[in-house]
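Asker: structure for the following, please:
(2 chains)
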Amino acid sequence: MRIGVLALQGAFREHIQALARLGVEGREVRTVKDLADVQALILPGGESTTIGMLMEEYGLIDAIRESELPLFGTCAGMIVLARDILGSSQPRLGLMDMAVDRNHYGRQRESFETEIEVTGLPDGVRGVFIRAPVVTRTGPGVEILARHQGEVVLCQEGRCLAAAFHPELTADTRLHRMFLDRFVTKAPSHHR
Amino acid sequence: MDEQGTFRVKAGLAEMLKGGVIMDVTTAEQARIAEAAGACAVMALERVPADIRAAGGVARMADPVRVKEIMAAVTIPVMAKVRIGHFVEAQILEALAVDYIDESEVLTPADDTYHIDKWKFTVPFVCGARNLGEALRRVAEGAAMIRTKGEPGTGNVVEAVRHQRLMQQQIRQAVATPEDELPVYAKELGVPLDLLKAVHDTGKLPVVNFAAGGIATPADAALMMQLGSDGIFVGSGVFKSEDPEATARAVVRATTHYRDAAVLAEVSEHLGEPMRGLEISRLGPDDRMQDRTQ
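Answerer: Residues are numbered from 1 along each chain as shown, chains lettered A, B, ... in the order given. Next up, the predicted model:
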């Protein structure tokens, strides 16, 4: 199994390292051609305006929409997956029927980490929120997996999983494992 | 409970900037041009380094009005510079809620002995370094991001190359040094042993390492990326060029596709004249910003 990590800008190296900790090969994806070699794609954190613009210019928006690749977006990746981005017309995949609010908590000074309870995981995860977005509207097809102070910060729809925080910045690989098990191999999840 | 200002949160923003270009801007209009070109952050300044050189005198933190205008103009992170050791300028920038503070040799140092105690701040800091010793000393003081110093405002990449190569050589040496010899190497570099041990174990700096100081063209940016930089700061190189918009766009694309020579060739076309640039050997000792602190 080989998992692509969109490497236009942002924390793609950390996702590849998280995959490596699970014994899974991660591969940097920069072009449409790179998509042919991977079974799923992670959209990392970074600047969503930069990432969206570069995706559009290099044909990746259409190619990813037309593919059937399972997708896991974190932070900027979540923004790129959303259909509606409050106050912005930036390029996006728009594959999830939801609206997001960028920099919801404010500027970097307001960035934080905290414990997050996730549906289906016995213990909480450490959520690292960096100039993070939240989901402000979810369509009927979107399943909410975690909230923080009432706001949706982890959810899924169809082939997409989206987190407002950064599991790749912690040593905890359970969300990556969840993505691989539920979206990629679709096997029942292992207990470790 | 929500915890703000942890080192993971501070260093994490730098991780999110990786593979991107941070551009010096002096007006809201320039900030919008940088954002539209794909910059992952902007550095709000009173003057770009080339103009600081030309103006002479004492260079200080930018006017808060200017910083606020730039913050209001874009949604990407906004950084701003303080003088080395000037912790009150840093307190002011933190009060303005800039996203990153650059304790920078481009401005006139306020303290010739001590850098700012950066652990005291919630807002993260980036600092310049010419070698592994300087980089780890800044990290020990709380810096969450490092950049090469290069020689700012020259449009000449040679010093940034020298600093990045030296950094990489010293990182390789730290990796190759047997554990029982690390204390002596730490003493030689003038750095805490635990930080050197971290470099020995991981083969990289404990924080993100960008290139800065003299980058003027897309090829310069890709050169610094191929030499192992995590991302690029462009100071005077964009807004001192003939066509800032085109140059900004080209540098962003060259930084993303830094190993793809076909893309590099394509984006290098039709950019007009890059900034004029300075020969480093013509600079007098007082003109060398990189030598201002260690």
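Asker: ignoring the adjacent residues along the chain, who's closest to A:A132?
Answerer: If you skip the residues right next to it in sequence, A:A132 has A:A164 as its closest partner in space, 4.9 Å away by Cβ to Cβ, 6 or more residues apart in numbering or on different chains. (C-beta placed from N, C-alpha, C; glycine too.)
Asker: okay, now that neighbour: neighbour count?
Answerer: If you count neighbours by other Cβ atoms under 10 Å in any protein chain shown, A:A164 ends up with 30.
Asker: list the contacts for it?
Answerer: Contact criterion Cβ atoms under 8 Å, 6 or more residues apart in numbering or on different chains gives A:75, A:78, A:104, A:127, A:129, A:132-135, A:148, A:151-154 as the residues in contact with A:A164.
Asker: ok, for B:G38, nearest residue in space, not its chain neighbours?
Answerer: Counting by Cβ to Cβ, 6+ apart, the nearest residue to B:G38 once its immediate chain neighbours are dropped is B:V252, at 3.9 Å.
Asker: where does pLDDT dip in chain A?
Answerer: Applying pLDDT under 70 to chain A picks out residues A:187-192.
Asker: tell me which residues touch the residue nearest to B:G38, please.
Answerer: In this structure, B:V252 makes contact with A:50, A:54, B:20-21, B:37-39, judged by Cβ under 8 Å, 6+ apart.
Asker: just B:A54 next, same as before
Answerer: B:A54 is in contact with no residue at all, counting by Cβ under 8 Å, 6+ apart.
Asker: and what of A:V134?
Answerer: With contacts defined as Cβ under 8 Å, 6+ apart, the neighbours of A:V134 are A:100-101, A:104-105, A:148, A:151-153, A:164.
Asker: try it again at 7 Å.
Answerer: A:V134 sits next to A:100-101, A:104, A:151-153, A:164 when contact means Cβ atoms under 7 Å, 6 or more residues apart in numbering or on different chains.
Asker: identify the farthest-apart pair in these.
Answerer: Maximum pairwise distance among those (Cβ to Cβ): 11.6 Å, between A:D101 and A:V153.
Asker: show me which of these two is the more surrounded one.
Answerer: Summary of the neighbour comparison: A:D101 and A:V153, criterion other Cβ under 10 Å, with A:V153 having more neighbours (25 against 21).
Asker: my read: the more buried one touches A:A146, true?
Answerer: Yes. Contact status for A:V153 versus A:A146: in contact at 5.4 Å, counting by Cβ atoms under 7 Å.
Asker: just to revisit the earlier point, which ones among the contacts of A:A164 are found in helices?
Answerer: Residues of those located in helices (DSSP state H): A:M78.
Asker: can you list the contacts of A:A164 in a markdown table and add distance to B:A143?
Answerer: Formatted as a markdown table, the entries for the contacts of A:A164 read as follows, by distance: Cβ to Cβ, whole Å:
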| residue | distance to B:A143 |
| --- | --- |
| A:C75 | 23 |
| A:M78 | 29 |
| A:H104 | 27 |
| A:G127 | 25 |
| A:F129 | 22 |
| A:A132 | 23 |
| A:P133 | 27 |
| A:V134 | 30 |
| A:V135 | 34 |
| A:H148 | 29 |
| A:E151 | 32 |
| A:V152 | 35 |
| A:V153 | 29 |
| A:L154 | 32 |
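Asker: tell me the helices in chain B, going along the chain?
Answerer: Along chain B, the segments classed as helices by DSSP H run B:7-17, B:28-37, B:49-55, B:64-73, B:87-96, B:132-140, B:158-176, B:182-189, B:193-202, B:218-226, B:236-239, B:244-256, B:261-267.
Asker: and A:G59, how many residues sit next to it?
Answerer: The local packing of A:G59 (other Cβ under 10 Å) involves 12 other residues.
Asker: distance of the nearest residue to it once chain neighbours are set aside relative to chain B?
Answerer: The shortest distance from A:G59 to any residue that is not its chain neighbour, by Cβ to Cβ, 6+ apart, is 5.0 Å, and that residue is A:V32. Going from A:V32 to chain B by Cβ to the nearest Cβ, to the nearest Å gives 13 Å.
Asker: need the contact list for A:V32.
Answerer: With contacts defined as Cβ under 7 Å, 6+ apart, A:V32 is in contact with A:59-60, A:63.
Asker: list just the nearest of these to B:P192.
Answerer: For these, the residue nearest B:P192 by Cβ to Cβ is A:L60; the value is 43.0 Å.
Asker: for the closest one, give me its contacts.
Answerer: If you count contacts by Cβ under 7 Å, 6+ apart, A:L60 has them with A:V32.
Asker: now it. Its backbone dihedrals?
Answerer: For A:L60, the backbone dihedrals (degrees, to the nearest 10) come out as phi -80, psi -30.
Asker: could you pull up phi and psi at the residue nearest to A:G59?
Answerer: For A:V32, the backbone dihedrals (degrees, to the nearest 10) come out as phi -60, psi -40.
Asker: what of A:R65?
Answerer: Reported as degrees, to the nearest 10, the phi and psi values for A:R65 are phi -60, psi -40.
Asker: the nearest residue to B:M23 once chain neighbours are set aside and B:S229: what is the separation?
Answerer: For B:M23, ignoring the flanking residues on the chain, the nearest one in space by Cβ to Cβ, 6+ apart is B:A34 at 4.2 Å. Here B:A34 is placed at a distance of 19 Å from B:S229 (Cβ to Cβ, to the nearest Å).
Asker: repeat that for B:G5.
Answerer: As judged by Cβ to Cβ, B:G5 and B:S229 stand 26 Å apart.
Asker: neighbour-wise, which of those two wins?
Answerer: When neighbours are counted by other Cβ under 10 Å, B:S229 comes out ahead of the other of B:G5 and B:S229, with 27 against 18.
Asker: residues in contact with that one?
Answerer: Residues near B:S229 by Cβ under 7 Å, 6+ apart: B:164, B:209-211.
Asker: what's the pLDDT at the residue in the stretch 151-294 of chain B positioned nearest to chain A?
Answerer: Distance from chain A to each residue of the stretch 151-294 of chain B (Cβ to the nearest Cβ) is smallest for B:T256, at 5.2 Å. At B:T256, the pLDDT value in this model is 96.
Asker: now the one 4 residues further on
Answerer: B:D260 is assigned 96 on the pLDDT scale.
Asker: how about the nearest residue to it, chain neighbours excluded?
Answerer: Taking Cβ to Cβ, 6+ apart, and ignoring the residues beside it in sequence, B:D260 has A:R30 as its nearest neighbour in space, at 7.6 Å.
Asker: the one you found against B:Y258, yeah?
Answerer: No. With contacts counted by Cβ under 7 Å, A:R30 stays clear of B:Y258, the gap being 10.0 Å.
Asker: look up phi and psi at the closest residue to A:L69 other than its chain neighbours.
Answerer: Taking Cβ to Cβ, 6+ apart as the measure, A:L69 lies nearest to A:L41, with 4.8 Å between them; neighbours along the chain are not counted. Dihedral pair for A:L41: phi -140, psi 130, per degrees, to the nearest 10.
Asker: what is the burial count for A:G106?
Answerer: Look at A:G106: counted by other Cβ under 10 Å, it has 11 neighbours.
Asker: give me the distance between the residue nearest to it when sequence neighbours are not counted and B:A110.
Answerer: Once its chain neighbours are removed from consideration, A:G106 has its nearest residue in B:A97; the separation is 7.4 Å (Cβ to Cβ, 6+ apart). The span separating B:A97 from B:A110 equals 22 Å under the rule Cβ to Cβ.
Asker: then B:T154?
Answerer: Distance of B:T154 to B:A110, computed by Cβ to Cβ: 23 Å.
Asker: same deal with A:R107?
Answerer: 25 Å.
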